[in-house]
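Asks: have a look at this prediction, sequence included:
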Amino acid sequence: MKFFQRLGRSLMLPVAVLPVAAILRGIGYWIETAAGDANLVSAIFSTAGGALLDNLALLFAIGVSIGMASKTDGTSALAGLVSWLVITSMLNPDAVAVFQGIEVDAVNPAFGNIENAFIGILAGLIGAVCYDRFKNVKLPDWLSFFSGKRSVAIVTAGASLVVALVLYFLWPFVYGGLVGFGEWIVTLGPIGAGIYGFLNRLLIPLGLHHALNSVFWFDVAGINDLNNFLNDTGTYGVTGQYMTGFFPIMMFGLPGAALAMYVTAKTKRKKIVAGILLSSAVSSFFVGVTEPLEFAFMFLAPWLYVVHAVFTGISMAITTILPVRSGFGFSGGFIDLVLSWVNPLAQNPWVIFIMGVVWFAIYFFVFRWIILRFRLKTPGREDDDEFSDGPVDTTDNGYLTTGAAFITALGGKENIVELDNCATRLRMEIGDVAKVDEAALKRAGATGTMKPGGHSVQVIYGLNVQFVKDAMELVMAGAEVPDTPGPAADGAVAVAAPPRAIVLKQPIAGAMVPLSEVPDEAFAQAALGPGIAVEPTGDTIVAPGPGRVESMFPTGHAIGLALDDGTEVLIHVGIDTVEMAGDGFETLVEQGDIVDEGTPLVRVDLAKVRAAGHPTVTPIVVLNAPDAVVGLR
């Protein structure tokens, strides 16, 4: 699943540029249709929008190669482009005609649809893999010019050639099989229309939906639904049945899904995801270009996309049964619906708006429930965006030294497969967990180490863990590490200070609970630091003393404060409440705010926390005084 989440995030880079392109293309199409012929204005809009939409697969090749590589680098983007060019050039109809010694018109139609999203994503993955594997390769001196990153594009070309050879034999078989299957489901009436709608959406990631479309929209099996509708050469009440069901989904259903993803996004991420979700919803409604929205959650939450495909199939079946028919020349958006309204073959097109309102509600409530129930990582809910980004000084020598020591204690940079952080911990996937030196990590500044299982390792550090993570990335990328000071001179012996008593204002009304009874291993074992917990009865978290808000996490479930006396405090509202994605939490301050004792910080709906199945017990932990004794007043 992590692979698909990374893939989904990688696709967001090219997808973000598509909505405006879709709208420009739609305006050009509308002007051309309204004027009755192409003109300069329509050509300008259509060409500007088509520049991106017509090259969506190429954008995917570059975006996926950048996003899936271990490090953002233009070399990986070049590798993705090289892979795309090799595969599509080897398999275009002209090249295949030469290989087979036949005329271009006789080439299998499958090769006319080789420039699709699936090939783009495949090329991007090939580029990323080749980059990660060969970016540091060292060749003999006489080939040293091609060492390192210069070798990536060369290896990518060779790997892509092999992939193209496989597709040369496999692609026509898959494409032809779908055409044959489409011809069969035509005989199933409304059920067949539903199956077609379901598969049309399900095959979009592979680019194979064009094979089915050719059966139903054009004259492959004698249906020719699209051309017959536009030319008024079909049968009233029949023609249009393989297009009508798309209108309620594209115009209303998917915008409802966009709203569901927005309201379930993490609080601090809402502004970021609002732009792409809103623009994608607009392009889906007006123009019927759904890729920007569908690819936004297709790989981040694949099961949610399956639900979308099922809904599309149901819509197609219902419109086939009902006396409602419409059609399109471009796609199932508002512009095409208006243009087809007066077509002689249009039948009760107003029903589409009634269906649309129902589908909007269905998509919104079903998507929202599924996202929250199964904790899906839709836009704005991704793991690597879980916490807010504070100002980071990645050149600080102290953090570079700590980062370098952590890397050594973790078995070296080659042993660190994935590196991320949350509120106070480094979260990592380690190649060989046995190489992790917990004592060395503690000497380097860690307050504890956890091994949840498998290859996962968590190193507990404190509120400034983001700085350490960034420093580790710099060190692994080759940054110079400053010399570390040696041990104390003259045989000096450190004398342990007596335990420090820290008394804080109780941040929320309720009964005090020993930290050891908190149902979370890290808190209960004081791995984060000493403290105490509260089983709350109130609904507002207040500052336990005067100071500054160091960290206000996007979900509102955790607050880090630096008090004026130097004490660093973490207040964690409930256990595992990060999974609520901010639902039930209202932040009242922002990172960097100066607060007094008693200043309201967060308001929480305890009933929602309990309904979501999370304990409400709230640990209050001191992060920078491991031997302190903490009390509340």
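Replies: Looks like it came in fine.
Asks: tell me which element the closest residue to A153 other than its chain neighbours is part of?
Replies: Leaving aside its chain neighbours, A153 sits nearest to V82 (4.9 Å; criterion: C-beta to C-beta, 6 or more residues apart in numbering). In this view, the C-beta of every residue, glycine as well, is placed from N, C-alpha and C. Element membership for V82, per DSSP states H and E: helix 74-91.
Asks: now for that helix, which elements pack on it?
Replies: helix 56-68, helix 117-134, helix 150-185 (3 or more C-beta pairs under 8 Å, 6 or more residues apart in numbering; DSSP states H and E).
Asks: CA atoms only: put whichever helix or strand comes after the last one into CSV for me.
Replies: Read that as helix 150-185. Next along the chain after helix 150-185, taking DSSP H and E as the criterion, comes helix 189-202. Extracted C-alpha coordinates of helix 189-202, given in CSV (Å, rounded to 0.1, in the frame of the first residue of the first chain):
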residue,chain,number,x,y,z
GLY,A,189,-28.9,-4.6,-22.3
PRO,A,190,-28.9,-2.3,-19.2
ILE,A,191,-26.7,-4.7,-17.3
GLY,A,192,-24.2,-4.6,-20.1
ALA,A,193,-24.3,-0.8,-20.1
GLY,A,194,-23.5,-0.9,-16.3
ILE,A,195,-20.6,-3.3,-16.8
TYR,A,196,-19.3,-1.0,-19.6
GLY,A,197,-19.5,2.0,-17.3
PHE,A,198,-17.7,0.1,-14.5
LEU,A,199,-14.9,-1.1,-16.7
ASN,A,200,-14.6,2.3,-18.5
ARG,A,201,-13.5,3.8,-15.2
LEU,A,202,-11.6,0.8,-13.9
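Asks: give me the next element, helix or strand, following helix 189-202.
Replies: Heading C-terminal from helix 189-202, the first helix or strand you meet, by DSSP H and E, is helix 209-217.
Asks: for stretch 618-627, buried residues please.
Replies: T618, P619, I620, V621, V622, L623, A625 (16 or more other C-beta atoms under 10 Å).
Asks: among these, which ones are in strands?
Replies: T618, P619, I620, V621, V622 (DSSP state E).
Asks: out of these, which one has the lowest pLDDT?
Replies: Least confident by pLDDT among these: that is V622, with 87.
Asks: show me where the stretch 201-350 of the chain dips below the pLDDT cut-off.
Replies: 207, 220-221, 268 (pLDDT under 70).
Asks: do the same with the stretch 351-500 of the chain
Replies: Using pLDDT under 70, the stretch 351-500 of the chain drops low at 382-397, 422-424, 447, 462-463, 479-480, 482-500.
Asks: which helix or which strand is home to P452?
Replies: Using DSSP H and E, P452 falls in strand 448-453.
Asks: give me the mean pLDDT for stretch 102-116.
Replies: On average, stretch 102-116 scores 89.
Asks: list the buried residues for it?
Replies: V107, A110, F111, N113, I114, E115, N116.
Asks: for these, which one is nearest T235?
Replies: Set against T235, the nearest of the buried residues of stretch 102-116 by C-beta to C-beta is N113 (28.8 Å).
Asks: I'd like the distance between the closest one and L91.
Replies: According to C-beta to C-beta, to the nearest Å, N113 and L91 sit 10 Å apart.
Asks: shared neighbours, the two?
Replies: Overlap of the contact sets of N113 and L91 (by C-beta atoms under 8 Å, 6 or more residues apart in numbering) is empty.
Asks: next up, the contacts around the residue nearest to A153.
Replies: Contacts of V82 by C-beta under 8 Å, 6+ apart are G127, A153, T156, A157, S160.
Asks: per-residue pLDDT, it?
Replies: Confidence score, pLDDT, at V82: 95.
Asks: number of nearby residues for D539?
Replies: 14 (other C-beta atoms under 10 Å).
Asks: pLDDT wise, what is it at?
Replies: 90.
Asks: wait, isn't it in contact with V609?
Replies: No. Using C-beta atoms under 8 Å, D539 is not in contact with V609, being 10.5 Å away.
Asks: where along the stretch 301-450 of the chain do the helices fall?
Replies: 302-321, 334-340, 351-374, 397-409, 438-443 (DSSP state H, counting those that start in this stretch).
Asks: I'd like to know which of the ones you listed is closest to G531.
Replies: Of all those, it is helix 438-443 that lies closest to G531, at 18.9 Å by C-beta to C-beta.
Asks: tell me what that closest one is packed against?
Replies: So helix 438-443, by 3+ C-beta pairs under 8 Å, 6+ apart, packs with helix 397-409, strand 448-453.
Asks: pick the one among the ones in strands among the buried residues of stretch 618-627 closest to N213.
Replies: Once C-beta to C-beta is applied, the member of these that ends up nearest N213 is T618, at 55.1 Å.
Asks: ok, that closest one to M580 distance?
Replies: On the measure of C-beta to C-beta, T618 and M580 end up 14 Å apart.
Asks: what are the phi and psi values at D437?
Replies: phi -100, psi 100 (degrees, to the nearest 10).
Asks: got the contact list for the nearest residue to it once chain neighbours are set aside?
Replies: Leaving out its chain neighbours, the residue that sits closest to D437 by C-beta to C-beta, 6+ apart is A409, at 4.5 Å. Contact analysis of A409 by C-beta under 8 Å, 6+ apart lists V436, D437, E438, A440, L441, A444.
Asks: hmm, which of those are the buried ones?
Replies: Among those, the ones that count as buried by 16+ other C-beta under 10 Å are V436, L441, A444.
Asks: does the last one touch A405 like I think?
Replies: Yes. Between A444 and A405 there is a contact under C-beta under 8 Å: 3.6 Å.
Asks: what about F297, how many residues close to it?
Replies: So F297, with other C-beta under 10 Å, has 25 neighbours.
Asks: who's in contact with it?
Replies: G8, A257, M261, L304, Y305, T378, P379.
Asks: ok, the closest residue to F328 other than its chain neighbours to L125 distance?
Replies: Excluding its sequence neighbours, the residue lying closest to F328 (C-beta to C-beta, 6+ apart) is D336, at 3.7 Å. In this view, D336 and L125 are 34 Å apart by C-beta to C-beta.
Asks: who has more neighbours, these two?
Replies: Between D336 and L125, counted using other C-beta under 10 Å, D336 has the larger neighbour count: 27 against 20.
Asks: show the contacting residues for that one.
Replies: G288, G327, F328, G329, F330.
Asks: got any ranges where the stretch 1-150 of the chain has weak pLDDT?
Replies: 1-2, 4-5, 8-9, 12, 15-19, 22, 26, 72, 144.
Asks: and with 80 instead?
Replies: 1-30, 32-38, 49-50, 52-54, 56, 70-73, 117, 136, 138-148 (pLDDT under 80).
Asks: just to revisit the earlier point, could the ones in strands among the buried residues of stretch 618-627 go into CSV alongside distance to G74?
Replies: What follows is these, written out as CSV (distance: C-beta to C-beta, whole Å):
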residue, distance to G74
T618, 46
P619, 45
I620, 47
V621, 43
V622, 45
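Asks: among those, pick out the one closest to V459, please.
Replies: Looking across these and measuring by C-beta to C-beta, the closest to V459 is V621, at 16.4 Å.
Asks: how about the nearest residue to that closest one, chain neighbours excluded?
Replies: In space, V621 is closest to G531, 3.7 Å off (C-beta to C-beta, 6+ apart).
Asks: which residues of the stretch 501-633 of the chain fall in helices?
Replies: Counting by DSSP H, counting those that start in this stretch, the helices of the stretch 501-633 of the chain are 521-524, 606-611.
Asks: ok, Q241 touching T320?
Replies: Yes. At 4.6 Å, Q241 counts as touching T320 under the criterion of C-beta under 8 Å.
Asks: quick check: neighbours shared by these two?
Replies: A193.
Asks: okay, those two: which has more neighbours?
Replies: Using other C-beta under 10 Å as the criterion, Q241 and T320 rank with Q241 on top: 30 against 23.
Asks: now for the helices and strands packed on helix 74-91, which one comes closest to K469?
Replies: Once those are compared by C-beta to C-beta, helix 56-68 is nearest, at 18.9 Å.
Asks: so that closest one versus helix 117-134, what angle?
Replies: 30 degrees (axes from the mean of the first three to the mean of the last three C-alpha atoms, to 10 degrees).
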